[in-house]
Structures are given as C-alpha cells and as structure tokens.
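*Asks:* What would the 3D arrangement of this be:
(one chain, ligands or ions: 1)
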Amino acid sequence: MKTPIIALNMKTYPQSCGEAGLNLAKLCQEVAEQTGATIAVAPQQTDLALFISVLGIPVFAQHVDNVKQGSTTGRITPENLWAIGCTGTLINHSEHRIPAEDVRLLVQKCKNLGLVTIVCTKDPEESKAYARFGPDFIAVEPPELIGGDISVTTANPEIVSDSVKEVKEVAPDVKVLCGAGVKNGQDVAKAIELGAEGVLLASGVVKADDQRAVLMDLANGI
Ligand code: G3P
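*Replies:* Got it, this is the predicted structure:
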C-alpha cells in the first residue's frame, strides 16, 4: 500500500451503515482514482465481505478478536478476515481497547496471514511500546479529541511528532498515522509535515454534508 494514506473508519454511524456506507466507500474509490491518493476504508463489520467483493481499494476491519477458530461464538478471527480477502485490520481502537498481550498476539497472527495491521494508541509512550510488536502502522489518536472539531495536528502536534520519534527509535520500519478531529486537507498536510504517513479519520467525512468535497480536499492535502 502506497503511503501516505487516508484511512476512513466508518465506525457505526447511521450515515455509513449498509447502502449508505457502500456509496461512501465507492466515493472514496472514485476520489482515490481521480487524485492518485491512497484511500482505505474500514466499513462496519457486517459490511466487510460485501465491500471487499465490490471495491478495488484497501478494505480494513475495524476490530479483530484474539480468539481461535472454533468454539468462539460471535467473534471475528484473523482467519475470517483473511478468508474474505480483507487487506488488514485496526487493532486496539480507542473505542475498542484490548489488553497489550492481545495486541502483541494479534499483530503476530495477522502478520503470518499477510494482513496489514494498524495498531491504535493514545500517546507517544504507548506508540513506542506497541511499535515493538512490529505492526505495519501505529495510529496515534488522543481519545479526548476523537469526534471533536479540532484536529490533533492543531490541538496537540507534539503528540504526533513525538510518536514518530519514539516509534522510529525502536522500529524504523513501522509507519505512523495520526487521527482525532482530522477534517481537511490542511490537517493532512500538517500530519505529513509532522512526520506521519497518513491519517485515520471518521466523523469529518462520514458526517459531512458534502462527503465528496471533503474527500477531495483531504486527498489534495497529500
Ligand atoms: O478511527 C478514527 C477516529 O477514532 C477519529 O475519529 O471522528 O475524530 O475523525 P474522528
């Protein structure tokens, strides 16, 4: 996957559920094709297989469970994601935290299956700790800024630059994304200036009146 990337987490917003979500994902694909930007989507979990079957852009799961295949009812295993052709998965999102040991094991399992991992963290310290597990990406997102109007790149730019510094110190190949409040091309450009290789965002696109315009603006920030 070419970086920088714009990764859109659709969460469970009504505006990104089912058909509305699929239309939004198709819009992401159109904008990616028009601009050459890498745009990845993380649809609602129930939409994963459908989106993968119709889209040509990277598709990530929002979460995966550290459980074995078999008698683990209602969970999603890394093998499930691999079987439907998922690109990869978010792990430890701020709204779905898991124990550190599960993060470590999931990164390993996903790696063995060829799934791309984006491990979410809350600050530079956690970014450093989880970078040691060797994910493809660390996505630092201060929880208090998630869903808000001020981008992390404006409210707390050091959290991004410090995460990049800490991560590169222990794992130079791990790429850093940032998220929380990211809404426009300026925020994306600033993230890249701070050393990030892309952004992870949700509400700025999903809740926008003109999703296409926002996606174009974000892509132009690269
Ligand atoms: O996963 C993305 C995320 O938590 C940031 O959300 O709404 O602040 O872009 P948002």
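
*Asks:* For the residue of the chain at minimum distance from the ligand, grab the count of nearby residues.
*Replies:* Proximity of the chain to the ligand (C-beta to the nearest ligand atom) peaks at Ser203, 3.2 Å away. Every C-beta, even on glycine, is put in place using the N, C-alpha and C of the backbone. If you count neighbours by other C-beta atoms under 10 Å, Ser203 ends up with 19.

*Asks:* Give me the average confidence score over stretch 106-121.
*Replies:* For stretch 106-121, mean pLDDT rounds to 98.

*Asks:* Just checking it against the ligand, any contact.
*Replies:* No. Using C-beta under 6 Å from any ligand atom, we find that stretch 106-121 stays clear of the ligand, coming within 7.0 Å at best.

*Asks:* From one end of that stretch to the other, what's the distance?
*Replies:* End-to-end distance for stretch 106-121, by C-alpha to C-alpha, to the nearest Å: 15 Å.

*Asks:* Can you give me the buried ones in it?
*Replies:* Neighbour counts over stretch 106-121 (16 or more other C-beta atoms under 10 Å) mark 106-111, 115-121 as buried.

*Asks:* Then stretch 36-45?
*Replies:* Buried residues in stretch 36-45, defined by neighbour count with 16+ other C-beta under 10 Å: 37-44.

*Asks:* hang on, the residue of the chain closest to the ligand packs against Ser151?
*Replies:* No. Using C-beta atoms under 8 Å, Ser203 is not in contact with Ser151; the gap is 11.4 Å.
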